[in-house]
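**Student:** Starting from these lines, generate the structure:
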Amino acid sequence: AKESFVLYACYMAIAFAFGAWVWWARGSQSGLEFFTGYLIEQSLAMDNIFVIATVFGFLGIPRIYQHRVLFWGILGVIVFRAILIGVGAALVMSFSWILFVFGAFLIFTGLKMFWASHDKPDVSDNAILKWIKRHFRVTDTLHGEKFTVQAPDPKTGKVVTFITPLFVALLMVEFVDLIFAVDSVPAIFAVTQDPFIVYTSNIFAILGLRALYFALAAAIHRFKYLQISLAVILVLVGIKILLVPLGIKIDTAISLAVTITVLASG
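**Tutor:** Residues are numbered from 1 along each chain as shown. Have a look, this model is predicted:
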């Protein structure tokens, strides 16, 4: 946990230095938008971390191998977030009414998260996990840090490629991040429609939280009210994004202060 906190502090320092550069190079408004987007993504991605910890626990992935999954998972996030943000920015530029859809979706997700705040995710019933096991040969045990191994097929006896539970964990982590990105990316579009700010605030926040993963995963039981605070943030951001097409723009500094207050309360 100590190493995790130190690494997280380093990533935060880099993010704040980058935000300071954005403030200096692109103006105070862009700087505020970066820090607000960064904090919103940090807030919403915390729930992501708890679900990832559940995936690791269900698949029996030892802590010594979890770093390898998270490392390759981050590379996937960098690519998938770029695609998602690019598509989102193009939609916002072409169809301003899409912000109503984003806002309504965030409010719906926030309310759903609020009512399900005491439910624990059931990984065993996940459709993606069932699909993976139906369409791929999966080994029953881990094989060190390997994602794939060569082994005889039980039916034919031919040597074929099997994927290990470690690779299944990687696929699940990527899927989980994609699902959470559907919430967090529209949320940051409520703050700014600048793809540069949206993308960089996303990536810096995720890098920091992945570094903090081992400390947070060990203290999941202490965060009883986190999901409720995240639900409130989603609803508030959803309302804000609904107001944008109507010409009502809430000051970014107010958004930042409210997000900090709600998150700290949770």
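
**Student:** Give me the nearest residue to Glu174, chain neighbours excluded.
**Tutor:** Gly76 (4.8 Å; C-beta to C-beta, 6 or more residues apart in numbering). Every C-beta, even on glycine, is put in place using the N, C-alpha and C of the backbone.

**Student:** distance of that neighbour from Ile83?
**Tutor:** Gly76 is 11 Å from Ile83, where distance means C-beta to C-beta, to the nearest Å.

**Student:** Pretty sure the residue nearest to Glu174 sits in a strand.
**Tutor:** No. Assigned with DSSP: H, G, I helix; E, B strand; the rest coil, Gly76 falls outside any strand and is helix.

**Student:** number of nearby residues for Ala17?
**Tutor:** 10 (other C-beta atoms under 10 Å).

**Student:** Contacts only, for it.
**Tutor:** For Ala17, the set of contacting residues under the criterion of C-beta atoms under 8 Å, 6 or more residues apart in numbering is empty.

**Student:** The one 3 residues further on now?
**Tutor:** Residues touching Ala20, when contacts are defined by C-beta under 8 Å, 6+ apart, comprise Gly31.

**Student:** Check which helix or strand it maps to.
**Tutor:** Mapping Ala20 onto the secondary structure by DSSP states H and E places it in helix 2-26.

**Student:** and the next element down the chain from that helix?
**Tutor:** Using DSSP H and E, the helix or strand that follows helix 2-26 in sequence is helix 28-59.

**Student:** helices or strands up against that following helix?
**Tutor:** Secondary structure elements in contact with helix 28-59, counted by 3 or more C-beta pairs under 8 Å, 6 or more residues apart in numbering; DSSP states H and E, are helix 2-26, helix 63-94, helix 165-189, helix 195-217, helix 226-243, helix 252-265.

**Student:** average pLDDT across the helix holding Ala20?
**Tutor:** Model confidence over helix 2-26 averages 90 on the pLDDT scale.

**Student:** Can you give me the buried ones in that helix?
**Tutor:** Within helix 2-26, the residues that count as buried by 16 or more other C-beta atoms under 10 Å are Ser4, Leu7, Tyr8, Tyr11, Met12, Ala15, Phe18, Gly19, Val22, Trp23.

**Student:** hmm, back to that, higher neighbour count, Gly76 and Ile83?
**Tutor:** Neighbours around Gly76 and Ile83, counted as other C-beta under 10 Å, are more numerous at Gly76. The numbers are 16 against 10.

**Student:** From Ala82, how far out is that one?
**Tutor:** Gly76 sits 11 Å away from Ala82, taking C-beta to C-beta as the criterion.

**Student:** Kindly report the same for Thr109.
**Tutor:** Going from Thr109 to Ala82 by C-beta to C-beta gives 22 Å.

**Student:** Which one of those two is surrounded by more residues?
**Tutor:** Neighbour totals were compared for Thr109 and Ala82, and Thr109 leads with 20 against 14 (other C-beta under 10 Å).

**Student:** That one and Ile233 touch, don't they?
**Tutor:** No. Counting by C-beta atoms under 8 Å, Thr109 sits too far from Ile233 to count as a contact (10.8 Å).

**Student:** residues touching Leu212, list them.
**Tutor:** Each residue near Leu212 by C-beta under 8 Å, 6+ apart is listed here: Ser4, Phe5, Leu7, Tyr8, Ile49.

**Student:** 7 Å instead?
**Tutor:** With C-beta atoms under 7 Å, 6 or more residues apart in numbering as the criterion, the residues that contact Leu212 are Ser4, Tyr8.

**Student:** cool, and the one 3 residues further on?
**Tutor:** When contacts are counted by C-beta under 7 Å, 6+ apart, Ala215 touches Ala1, Ser4, Phe5.

**Student:** where's it relative to Phe5, distance?
**Tutor:** Taken as C-beta to C-beta, the spacing of Ala215 relative to Phe5 amounts to 6 Å.
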